[in-house]
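# sequence first, then the predicted structure, then my questions.
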Protein chains: 2
Amino acid sequence: MTGPAEKPFFEKACLIGVGLEGGSLALNLRKHGMAGRIVGVARRPESLARILELGLADEATDDVKAAVRDADLVVFCTPVGAYAALADQVSGCFKEGAIVSDVGSVKQTAIRDLGPAIPDNVHFVPGHPIAGTEHSGPDAAFLELFEDRYIILTPPPGTDEEAVAKMKALWEACGSLVEIMDAAHHDKVLGITSHLPHLIAYTIVATAADLEETTRQEVIRYSASGFRDFTRIAASDPVMWRDIFLNNREAVLEILQRFTEDLTALQRAIRWGEGETLEKVFTRTREIRRGVIELHQAGTFDTREKKD
Amino acid sequence: MTGPAEKPFFEKACLIGVGLEGGSLALNLRKHGMAGRIVGVARRPESLARILELGLADEATDDVKAAVRDADLVVFCTPVGAYAALADQVSGCFKEGAIVSDVGSVKQTAIRDLGPAIPDNVHFVPGHPIAGTEHSGPDAAFLELFEDRYIILTPPPGTDEEAVAKMKALWEACGSLVEIMDAAHHDKVLGITSHLPHLIAYTIVATAADLEETTRQEVIRYSASGFRDFTRIAASDPVMWRDIFLNNREAVLEILQRFTEDLTALQRAIRWGEGETLEKVFTRTREIRRGVIELHQAGTFDTREKKD
């Protein structure tokens, strides 16, 4: 495929879960005229009301079967731990020729859990937008979330190429950069760039939360010295992240093991006063930073910083 | 002391080390008319030249003894590991009645290493501005570095109150919020808010640096998913941070031990699929974030975000 692809159009788009990701996708589908009608699925009555108030969908319902029926596009936007039960419910409801996708942060278990419910005459194109904030819920949705962000699609071998092209064009219309990747490879890379950093940020903030009251107040007061970045990351949605760690267990445990070894080595160097070891490690990390900055300067990289 | 204090004035101010911190302090001394003459001390000829080019000092020299002589204010702005050797050199050179201070990130060893060189007729007021960027050297200096940032002063018991008040007024003129604290307590709090986060950031980026080439390139590409924040922190000055860890060893090792225990507990929960444990920890960390945000909204907190 060369040149800008035509924007796809779906008569009926169904978003299962309309929070930060699903809601932002809804805003894009509408803005770029990619959906005739948007149906949002949520469980709680207050969420259903809020979805309509915010104009994130034309219709909001807790009846996932009805929502999926006749839909030309179905996108799972819930925490990945909810996929298996939802797949059970909607099995047999998909429209022939429909495209089913998702925005989950772990792709192998997404395929494992959603795949069996999707018949041969329906196209399954799993996806993961590398885009998010520490906020969650319908109110967190905004149009620009996916702009200049990578979207990784992980279609299983044999997936209909036209369906993949349509999803690619959909995300490009949202301003995203689309990459195709093997699901296992995705899970490994994201285990390093996203899951491990989140786990560590959660841990350090939890360690601070256990300090006695006076010290904890001072930690908050002097957080600008490094700690604050960790508190932002550790404010991310607990259920979504619980599910990510449970579903990307192998990759996370493997990189965590390496991290722990490296941390133990530094700990030992501190204990024994081995300044050269410390300086060597602290110098070597600058190379990676240079890579990140160069990518940014090349303009292929998101430059927005999240705000408090 | 109540009300805004008068800005102090020092006929000759000597800054030992004129990088990010020393250079920014020099810009403030000049801007607010707090120094008649500024002498900057550096070792390398190219630094000496650059200090003058950037207008960070009236005079730049590698002769620390001459620089200290007749100075009414002497501020050590080198990595803390250089203090002991410098103290040896300048011992006996201080002017009677002068104020000696520093900007080091560890206060107990600053007092241990500088204290013995400072005679009774000279006032020693150690300090630590909670302000920095990942950049270093004279070119990194800028006037606004200390604005709305905390400065912690840790005068040893019995320090002349007038000298402490002068240093407080100096930093307030730079736009800073000044706190007085016990050195040991400072080292403990900063071990948590600053030293541990830096150690962890260095570690995770080092772990990534050891990945095989292809994966490393992808980690850089998809760094926006969490990793990027760590690369910025881990780009900080290696020698400065080597010295911090060597000098705040006890406090860092103690909090690191707690962190490792907490991380191991989460690792175990992931391995055994204990979702409730994960969700509970991930929820509890939000309280700390709320504290950080409230402090920010109360206007007593720096709101600037560092940029790539």
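Perfect, I can see it now. Since we're looking at a predicted model, the values are computed, not measured.
# A:Ala183 against A:Pro157, yeah?
No: using C-beta atoms under 8 Å, A:Ala183 is not in contact with A:Pro157, being 10.3 Å away. All C-beta atoms are positioned from the backbone trio N, CA, C, and that covers glycine.
# so what's the residue count around the closest residue to A:Arg43 other than its chain neighbours?
Using C-beta to C-beta, 6 or more residues apart in numbering or on different chains and skipping the chain neighbours, the partner closest in space to A:Arg43 is A:Asp62 (5.5 Å). Neighbour count for A:Asp62, taken as other C-beta atoms under 10 Å in any protein chain shown: 13.
# coming back round to it: more neighbours: which of A:Ala183 and A:Pro157?
Higher neighbour count among A:Ala183 and A:Pro157: A:Ala183, with 21 against 5, using other C-beta under 10 Å.
# give me the pLDDT for the more buried one.
What the model reports as pLDDT for A:Ala183 is 98.
# for the one 5 residues further on, same thing?
We note a pLDDT of 95 for A:Lys188 in this prediction.
# show me what contacts it?
Each residue near A:Lys188 by C-beta atoms under 8 Å, 6 or more residues apart in numbering or on different chains is listed here: A:Ala251, B:Thr215.
# hang on, the earlier thing: so the residue nearest to A:Arg43 makes contact with A:Leu48?
Yes: using C-beta under 8 Å, A:Asp62 is in contact with A:Leu48, at 6.6 Å.
# shared neighbours, those two?
Residues touching both A:Asp62 and A:Leu48 comprise A:Ala42, with contact defined as C-beta under 8 Å, 6+ apart.
# for the stretch 51-200 of chain A, which residues are neighbours of chain B?
Residues of the stretch 51-200 of chain A that fall close to chain B, judged by C-beta under 8 Å from any C-beta of the partner chain: A:81, A:130-132, A:134, A:149-150, A:152, A:188-190, A:192-200.
# quick one, what contacts the spatially most central residue of chain A?
Per C-alpha atoms, centre = their mean, the C-alpha nearest to the average position across chain A is that of A:Ser105, at 4.4 Å. Taking C-beta under 8 Å, 6+ apart, we find A:Ser105 in contact with A:Val80, A:His128, A:Leu190, A:Ser194, A:His195, A:Met240, A:Ile244, A:Asn248.
# break down the stretch 101-250 of chain A into its helices, ranges please.
Assigned by DSSP state H, counting those that start in this stretch, the helices in the stretch 101-250 of chain A fall at A:108-114, A:161-173, A:183-190, A:196-209, A:213-221, A:227-233, A:238-247, A:249-271.
# rebuild the ones you listed as JSON lines, extending it with distance to B:Val75.
Converted to JSON lines, the helices of the stretch 101-250 of chain A look like this (distance: least, C-beta to C-beta, whole Å):
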{"stretch": "helix A:108-114", "distance to B:Val75": "56"}
{"stretch": "helix A:161-173", "distance to B:Val75": "54"}
{"stretch": "helix A:183-190", "distance to B:Val75": "46"}
{"stretch": "helix A:196-209", "distance to B:Val75": "31"}
{"stretch": "helix A:213-221", "distance to B:Val75": "24"}
{"stretch": "helix A:227-233", "distance to B:Val75": "26"}
{"stretch": "helix A:238-247", "distance to B:Val75": "44"}
{"stretch": "helix A:249-271", "distance to B:Val75": "27"}
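# A:Ala5 is nearest to which of those helices?
Taking C-beta to C-beta, helix A:161-173 is the member of the helices of the stretch 101-250 of chain A nearest to A:Ala5, at 3.8 Å.
# any idea how far the closest one is from the chain center?
18 Å (C-alpha atoms, centre = their mean, to the nearest Å).
# one more: stretch A:272-279?
How far stretch A:272-279 lies from its chain's middle: 38 Å, per C-alpha atoms, centre = their mean.
# ok, residues contacting it?
With contacts defined as C-beta under 8 Å, 6+ apart, stretch A:272-279 is touched by A:265-266, A:268-270, B:81, B:238-239, B:241-243, B:245-246, B:249.
# for ChimeraX, write the selection for the buried entries among those residues.
Buried residues within these, by 16 or more other C-beta atoms under 10 Å in any protein chain shown, are selected in ChimeraX with:
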select /A:266,269,270 /B:81,238,239,241,242,243,245,246,249
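# stretch A:48-55 - what's its average pLDDT?
Averaged across stretch A:48-55, the pLDDT comes to 97.
# let me see the residues that make contact with stretch A:83-100.
So stretch A:83-100 is in contact with A:10, A:16, A:64-65, A:68-76, A:78, A:102, A:104, A:109-110, A:113-114, A:116-119, A:121-125, A:163, A:166-167, going by C-beta under 8 Å, 6+ apart.
# which ones are touching A:Ser181?
Just so we're on the same page, residue A:181 is Met rather than Ser. A:Met181 sits next to A:Ile152, A:Leu153, A:Thr154, A:Val189 when contact means C-beta under 8 Å, 6+ apart.
# hmm, 7 Å instead?
A:Ile152, A:Thr154 (C-beta atoms under 7 Å, 6 or more residues apart in numbering or on different chains).
# and the helix or strand hosting A:Glu287 with helix B:196-209, angle?
Using DSSP states H and E, A:Glu287 falls within helix A:275-297. Angle of helix A:275-297 versus helix B:196-209, following axes from the mean of the first three to the mean of the last three C-alpha atoms, to 10 degrees, is 70 degrees.
# quick one: average pLDDT of helix A:275-297?
87.
# cool, and stretch A:210-226?
Stretch A:210-226 carries an average pLDDT of 87.
# extract the CA atoms of that stretch and return them as CSV.
Output of stretch A:210-226 as CSV, limited to C-alpha atoms (Å, rounded to 0.1, in the frame of the first residue of the first chain):
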residue,chain,number,x,y,z
ASP,A,210,4.3,2.9,54.0
LEU,A,211,6.6,5.6,55.6
GLU,A,212,5.5,7.1,58.9
GLU,A,213,3.3,10.1,58.5
THR,A,214,5.8,13.0,59.0
THR,A,215,8.3,11.5,56.5
ARG,A,216,5.5,10.8,54.0
GLN,A,217,4.4,14.5,54.1
GLU,A,218,8.0,15.5,53.5
VAL,A,219,8.3,13.1,50.6
ILE,A,220,5.3,14.7,49.0
ARG,A,221,6.7,18.2,49.7
TYR,A,222,10.1,17.5,48.1
SER,A,223,8.8,15.2,45.4
ALA,A,224,10.1,17.6,42.7
SER,A,225,13.5,16.0,43.1
GLY,A,226,12.6,12.9,41.1
